[in-house]
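In: Below: sequence and its predicted model.
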Amino acid sequence: MRLMSYSECKDYIRSDYYRITGRGNDSLLRMWLYSHLDLGLKYMFWHRLANCSNILVGGVARFVRRRMAEKYHIDIPRTTTIGYGFLLLHGGPVVINASAVIGNNVNFGHFSTVGSLYFHGATIDDEVYIGPSVCIVEGVHIGKGATVGAGAVVVNDVPAGVTVAGVPARVVSHKEPGRFIWRKWNR
């Protein structure tokens, strides 16, 4: 991920905040205050600012993000590509490989992992729901609107709009793609 301007960082924070509250026009201060009520938003607030090109803002944010990562066991490198409206459900523990690419309006459950041994992480399209305790292995592709059920181990590509579950993950349903994604952020 490249360094972003301060206004771009605010736009990403606003999108994450909107997914939780439904309000998209609040000030950065109000979003920061609200982030103390939601651990996932609190982490993403500092994670987004850590990519700020402003030396002071980015430096402070990198320090705070690192401390939070250690405290809450959230391992998401700041170079990971994460789209707008990322919703980190219930905070940590979470591990996402730096080579993973995550689309817009994605819900990511606690105790979940996107791993890669050879630095070729998964690609997760827009409006995907990843349930708790999910393990996504290597370079799989998860299609738009897919739902990955709790405890699934994803070792193969997941088509768009389906629900997968189990070990290894298999298609269990084709109904209502993206049904767990609410308050979608539209740029």
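Out: Perfect, I can see it now. Residues are numbered from 1 along each chain as shown.
In: so where do the helices sit in this protein?
Out: Remark: helices assigned in the chain by DSSP state H are 6-21, 28-35, 39-49, 55-72.
In: Deepest-packed of those helices, please.
Out: helix 39-49 (a mean of 24; mean count of other Cβ atoms under 10 Å). The C-beta positions use only the backbone N, C-alpha and C, and glycine is treated the same way.
In: The helices of the chain: which one's closest to residue 108?
Out: Nearest of these to residue 108, taken as Cβ to Cβ: helix 39-49 at 8.3 Å.
In: What is that closest one packed up against?
Out: Other elements packing on helix 39-49 under the criterion 3 or more Cβ pairs under 8 Å, 6 or more residues apart in numbering; DSSP states H and E are helix 6-21, helix 28-35, helix 55-72, strand 87-88.
In: can you redo these as CSV with mean pLDDT?
Out: Conversion of those to CSV gives the following (pLDDT from 0 to 100):
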stretch, mean pLDDT
helix 6-21, 92
helix 28-35, 87
helix 55-72, 93
strand 87-88, 92
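In: picking up where we left off before, out of the helices of the chain, which comes closest to residue 129?
Out: Of those, nearest to residue 129 by Cβ to Cβ is helix 6-21, at 12.2 Å.
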